[in-house]
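> structure for this input, please:
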Amino acid sequence: MNIFIANHSSMQVICLEEPAFYTLIEEVVTRLKATAPAASPKWMGQEETMKLLNIKSKTTLQKMRNEGKIRFSQPEKRIILYDRDSIHAYLEQHAENTF
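Sure, this is the predicted structure:
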């Protein structure tokens, strides 16, 4: 691997051979993926939804669903999933601005 470093007054120029450049890029991408937080899935279950909304009652969650306050999907009779974005939007709608 050849690296050429040239100093010009206030700037430093580094030249890499093509294979070294791509190896460097791959290492950067690998490190970024390792440190980046994992993306949250769009749909979440009842427990996670209740925790995010800070509610303890399944009845309260059902009431919010029935009143159209939060978006949900019911792919099967006993499976209800909640849209993470709609939960965040609901929380933002009810946020109070500070003085």
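> dig out what residue 11 forms beta bridges with.
Counting by DSSP bridges, residue 11 forms beta bridges with residue 8.
> please renumber the chain so that the first residue is 50 from this point on.
Okay, residue one is now 50; in that scheme the one you just asked about reads as residue 60.
> so how far is residue 74 from it?
Noted for residue 60: a distance of 22 Å to residue 74, by C-beta to C-beta, to the nearest Å. For every residue, glycine as well, the C-beta is placed using N, CA and C.
> neighbour count for the two, which is higher?
Between residue 60 and residue 74, residue 74 has the larger neighbour count (other C-beta atoms under 10 Å), namely 10 against 7.
> give me the domain ranges for this protein.
52-84, 92-142 (automatic domain parsing).
> tell me which of these lies nearest to residue 148.
Nearest of the domains of the chain to residue 148, taken as C-beta to C-beta: domain 92-142 at 18.6 Å.
> how long is the closest one from one end to the other?
Terminal residues of domain 92-142 lie 20 Å apart, using C-alpha to C-alpha, to the nearest Å.
> was I right to think residue 114 contacts residue 121?
Yes - assessed by C-beta atoms under 8 Å, residue 114 is found in contact with residue 121 at 5.4 Å.
> pull up the overlap in contacts between these two.
residue 129 (C-beta atoms under 8 Å, 6 or more residues apart in numbering).
> got any ranges where this structure has weak pLDDT?
50-58 (pLDDT under 70).
> list the buried residues of the longest helix seen in it.
Under DSSP state H, the helix in the chain containing the largest number of residues is helix 67-84. Buried residues in helix 67-84, counting neighbours by 16 or more other C-beta atoms under 10 Å, are absent.
> next helix or strand past that helix?
strand 92-93 (DSSP states H and E).
> who does that next one pair up with?
strand 128-132 (antiparallel).
> tell me how far the partner strand lies from the chain's centre.
18 Å (C-alpha atoms, centre = their mean, to the nearest Å).
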